[in-house]
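What follows is a protein structure lacking sequence information:
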């Protein structure tokens, strides 16, 4: 499906929903609707950005933009992450096809960002600008017959191009070139990056061919997905976007590919999501399993087990993509997206306790085993240890799923503990883990449910509440309909209360009062669809999903964390893993509950 836009920058910034993405399993580049690559952390997605116009309008770019006024039509190739943009000017039109290239065995030893330019009608003159970020590292360039070599700190980079690309400016921190696309002619330009390794200068024709090779690899991956329902295009696009976030070096799954993008323009909630959360990784394993992918959930589950098992007695919330401790949060000196500061890197969630993570992990293990896969001995022992921890910890306050500084007895966290013990019992009874503690787990599981019903139910709101002792509501409770926690109609009434108080059409805020601080949360909006499907009203769930997809249409299949319900403006980091996996689960919930 073509997506038409007349891209306009505001004070140097594009709307966040005007970005597409390309990726290679290590890094993700964001491609603006005007042809400017404004974000690329290379060679890995958690590295400092090589280009960064997201936080600073002058922060560095690799732009390929027509000279003069233009409009665009763009799309991803069918079942692929190869991006095609047609630029239309008064003098002609040209297509740019781009990818972070893959090789025949997966990722290349270097990063290869390729952009093919094809003249379609008349002529289109392009200006090409390459400006690394204003980072503190030394930047210098040297000449080469077919490439511009630039050293950026410890990185070696090249700008590869053909002889018909006219170099105008060659400086340490800036390259400017021109190319006139004529009907029936084409060329390719590329940016290559290596870190602590030799960087080859491949033949430009080989780089160009790898665009189509990468397309074949993406299609081959998408062909394994098993959904064949009415939302197949949306589901495949969603799964392909989620695949961007899987870090091929370890199997970890990043929460998002960006950092520091605002949840409200001008607001202070600008966080770094280029890390792997236990919760998001567990949800993603479930999403890929539901979709029919196998190697990704096996790799991700293996990463979870290795990381958790090797990191001491307590279950942590978040790790780096290599399974290490996340750096402490700090503020970096940049203007911020449209003036939204402070911009943070690192993440303070590293020191939090979130009891709901126990339920996420044990439910994932139960689903994995339930699909006929075999748990290894290390994983089996780990699951027993975590279940025993839940027995000891469930009465404690924590930071909750939303990672708030206000520690409370969050209802979702308590339900997560109930879920953890329910799945531990199931795993033990089916012979996947040691069973000597089953009786104890069962007793504590029932105590947790009774405690929730006594302390976390509001007779006034007729709803489970955000935490014990309040009448505030929390949209994450919509997710518990999938857990099988419903009894006595309480989750159905909770769903209705949440929709009344937190929803604007199909879009849902995270919790009471969140509308004053941020946009509607895409994942919560998907969970409302699930809540209707799992509680028996599938027709309404389908209508709600259609309305939601219409609201998300501005985002071109690359979902932000949040969206303004009134303007459609994308907010927060992107591509946001939780948004994509929640949408995938919502689509499957219709099929599974008919």
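Now that the structure is in, tell me what you want to look at. Worth saying up front: this structure is predicted, and the values here are computed from it rather than measured. Residues are numbered from 1 along each chain as shown.

was I right about residue 384 contacting residue 435?
No. Counting by Cβ atoms under 8 Å, residue 384 does not reach residue 435; the two are 9.1 Å apart. No exception for glycine: its C-beta is placed from N, CA and C like everyone else's.

what sits against residue 342?
268, 270, 331, 336 (Cβ atoms under 8 Å, 6 or more residues apart in numbering).

Counting only strands, which of these make the cut?
Among these, the ones falling in strands (DSSP state E) are residue 331.

which one among the contacts of residue 342 gets closest to residue 41?
Nearest to residue 41, judged by Cβ to Cβ, of these is residue 270 at 16.4 Å.

phi, psi of the nearest residue to that closest one once chain neighbours are set aside?
The spatially closest residue to residue 270, leaving aside those adjacent along the chain, is residue 260, at 4.5 Å (Cβ to Cβ, 6 or more residues apart in numbering). Taking degrees, to the nearest 10, you get phi 70, psi 10 for the backbone angles of residue 260.

any weak-confidence spans in the stretch 1-150 of the chain?
Across the stretch 1-150 of the chain, the ranges flagged by pLDDT under 70 are 1-4, 134-137, 146.

What segments of it are helices?
Taking DSSP state H, counting those that start in this stretch as the criterion, the stretch 1-150 of the chain carries no helices.

do the same with the stretch 301-450 of the chain
356-370, 377-393, 411-429, 438-455.

got TSV for these, with distance to residue 251, mean pLDDT and mean neighbour count too?
As requested, those are exported to TSV (distance: least, Cβ to Cβ, whole Å; pLDDT from 0 to 100; neighbours: other Cβ atoms under 10 Å):
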stretch	distance to residue 251	mean pLDDT	mean neighbour count
helix 356-370	14	94	24
helix 377-393	14	97	18
helix 411-429	22	98	25
helix 438-455	29	98	16
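
Which residue is the nearest non-sequential neighbour of residue 434?
Closest to residue 434 by Cβ to Cβ, 6+ apart is residue 384, at 5.4 Å.

Show the contacting residues for the one you found.
424, 433, 434, 437.

Out of those residues, who's the most crowded?
Neighbour counts for the contacts of residue 384 peak at residue 424, which has 30 neighbours (criterion: other Cβ atoms under 10 Å).

just the buried members of the contacts of residue 342?
Those of these that meet the buried threshold are 270, 336, by 16 or more other Cβ atoms under 10 Å.

Out of the contacts of residue 342, which comes closest to residue 464?
Of all the contacts of residue 342, residue 464 sits closest to residue 268, with 29.6 Å by Cβ to Cβ.

Residue 85 reaches residue 94, doesn't it?
No. The criterion here is Cβ under 8 Å, and residue 85 misses it with residue 94 at 9.2 Å.

And those two? Which one has more around it.
Just comparing residue 85 and residue 94: by other Cβ under 10 Å the higher neighbour count belongs to residue 94, 28 against 22.

Pairing partners for the more buried one in the sheet, please.
residue 87, residue 119 (DSSP bridges).

Tell me how far it lies from residue 369.
According to Cβ to Cβ, to the nearest Å, residue 94 stands 52 Å off from residue 369.

cool, residue 257 as well?
Taking Cβ to Cβ, one finds residue 257 at 31 Å from residue 369.

of the contacts of residue 384, closest to residue 212?
Using Cβ to Cβ, residue 433 comes nearest to residue 212 of these, at 46.7 Å.

And the helix or strand that contains residue 168, what does it pack against?
Assigned by DSSP states H and E, residue 168 falls within strand 166-171. Under the contact criterion of 3 or more Cβ pairs under 8 Å, 6 or more residues apart in numbering; DSSP states H and E, strand 166-171 touches strand 139-144, strand 174-182.

for those, which one ends up most surrounded?
With neighbours defined as mean count of other Cβ atoms under 10 Å, the helices and strands packed on strand 166-171 peak in mean count at strand 174-182, which reaches a mean of 18.

Redo the helices of the stretch 301-450 of the chain as JSON lines? Include distance to residue 219.
JSON lines is the format used below for the helices of the stretch 301-450 of the chain (distance: least, Cβ to Cβ, whole Å):
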{"stretch": "helix 356-370", "distance to residue 219": "27"}
{"stretch": "helix 377-393", "distance to residue 219": "33"}
{"stretch": "helix 411-429", "distance to residue 219": "36"}
{"stretch": "helix 438-455", "distance to residue 219": "45"}
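
which ones are touching the closest residue to residue 129 other than its chain neighbours?
Spatial nearest neighbour of residue 129, chain neighbours left out: residue 63 (4.6 Å); criterion: Cβ to Cβ, 6+ apart. Counting by Cβ under 8 Å, 6+ apart, residue 63 touches 34, 35, 36, 37, 127, 128, 129.

Quick check: bridge partners of the residue lying closest to residue 115 once chain neighbours are set aside?
Of all residues not flanking residue 115 in the chain, residue 98 sits nearest, at 4.4 Å (Cβ to Cβ, 6+ apart). Beta bridges link residue 98 to residue 83, residue 115, judged by DSSP bridges.

And the one 5 residues further on, by the same measure?
Beta-bridge partners for residue 103, by DSSP bridges, are residue 106.

In space, what's closest to residue 387 - neighbours in sequence excluded?
residue 424 (3.7 Å).

contacting residues around the one you found?
362, 383, 384, 386, 387, 390, 433, 437, 438, 441.

Can you verify my assumption that the fifth one contacts residue 362?
Read it as residue 387. Yes. The criterion here is Cβ under 8 Å, and residue 387 meets it with residue 362 at 6.7 Å.

what do these two both touch?
With Cβ under 8 Å, 6+ apart as the test, residue 387 and residue 362 both reach 420, 424.

what about stretch 195-210, average pLDDT?
What stretch 195-210 shows for mean pLDDT is 91.

Can you give me the buried ones in that stretch?
195, 199, 202, 204, 207, 208, 210.

Which members of those residues occur in helices, if any?
204, 207, 208, 210 (DSSP state H).

what's the closest non-adjacent residue to the last one?
The shortest distance from residue 210 to any residue other than its chain neighbours is 4.1 Å, reached at residue 101 (Cβ to Cβ, 6+ apart).

Looking at the helices and strands packed on strand 166-171, spot the one closest to residue 168.
That would be, of those and by Cβ to Cβ, strand 174-182, which comes in at 4.5 Å.

Could you list every helix and strand that the closest one packs against?
strand 111-131, strand 166-171, strand 186-195.

swap the cut-off to 10 Å and go again
strand 61-66, strand 92-100, strand 111-131, strand 139-144, strand 147-152, strand 166-171, strand 186-195 (3 or more Cβ pairs under 10 Å, 6 or more residues apart in numbering; DSSP states H and E).

Going by contacts, tell me the helices and strands next to the helix or strand hosting residue 233.
Secondary structure assignment for residue 233, by DSSP H and E: helix 232-243. If you count contacts as 3+ Cβ pairs under 10 Å, 6+ apart, helix 232-243 packs onto strand 19-23, strand 71-76, helix 204-223, helix 278-291, helix 295-309, helix 577-592.
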